[in-house]
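Engineer: sharing a model prediction with you, sequence too.
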Amino acid sequence: MSSRYTAGPTETERCIESLLAVFQRYAGRDSNSKTLSKKEFRTFMDTELGSFTKNQKDPAVIDRMMKKLDMNSDGEVDFSEFLNLIGGLAQACHEHVASAPGGVAPKRP
């Protein structure tokens with residue numbers, strides 16, 4: 001995935017590789033390695049987005065999120081559906097940062 005103009009993967013390429021790796025880490029623990037089952041999705045949310053899930057007062061919020069993400073209604077979340085979650089979270093973070101004083105994301109060291 002490396003660009004011919006750089007010595008190694010770019011920051012964006014590394015982010016894509018990370019998203020693929022995270023999805024693959026949780027998908028297929030139950031059966032289908034191309035999707036997240038309800039149990040796998042909950043494990044993903046609790047592990048990777050624990051600060052979100054632990055602050056939820058409604059225990060059914062994860063089930064509702066999965067149902068909303070499951071565009072083809074097969075009871076599982078495929079990679080495209082997973083990306084909808086990631087995109088939505090990224091958009092929410094962007095809006096939060098943009099509304100902060102100065103409206104600029106902090107630079108990484």
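Structural biologist: Thanks, I have the structure now.
Engineer: can you show me the strands along this structure?
Structural biologist: Counting by DSSP state E, the chain has strands at residues 35-36, 77-78.
Engineer: please enumerate the helices of this structure.
Structural biologist: 11-26, 38-48, 50-53, 61-69, 79-99 (DSSP state H).
Engineer: and the last one with helix 61-69, angle?
Structural biologist: This means helix 79-99. Interaxial angle, helix 79-99 versus helix 61-69 (axes from the mean of the first three to the mean of the last three Cα atoms, to 10 degrees): 110 degrees.
Engineer: lowest-confidence helix or strand of the protein?
Structural biologist: Lowest by mean pLDDT, DSSP states H and E among the helices and strands of the chain is helix 50-53, with a mean of 86.
Engineer: can you tell me which of the strands of the chain is most buried?
Structural biologist: strand 35-36 (a mean of 25; mean count of other Cβ atoms under 10 Å). C-betas here are computed from N, CA, C, even on glycine.
Engineer: contacting residues around it?
Structural biologist: With contacts defined as Cβ atoms under 8 Å, 6 or more residues apart in numbering, strand 35-36 is touched by 23, 26-28, 44, 74, 76-78, 82.
Engineer: can you give the strand pairings for it, parallel or anti for each?
Structural biologist: strand 77-78 (antiparallel) (DSSP bridges).
Engineer: look up how far Gly87 lies from Arg14.
Structural biologist: Distance, Arg14 to Gly87, by Cβ to Cβ, to the nearest Å: 18 Å.
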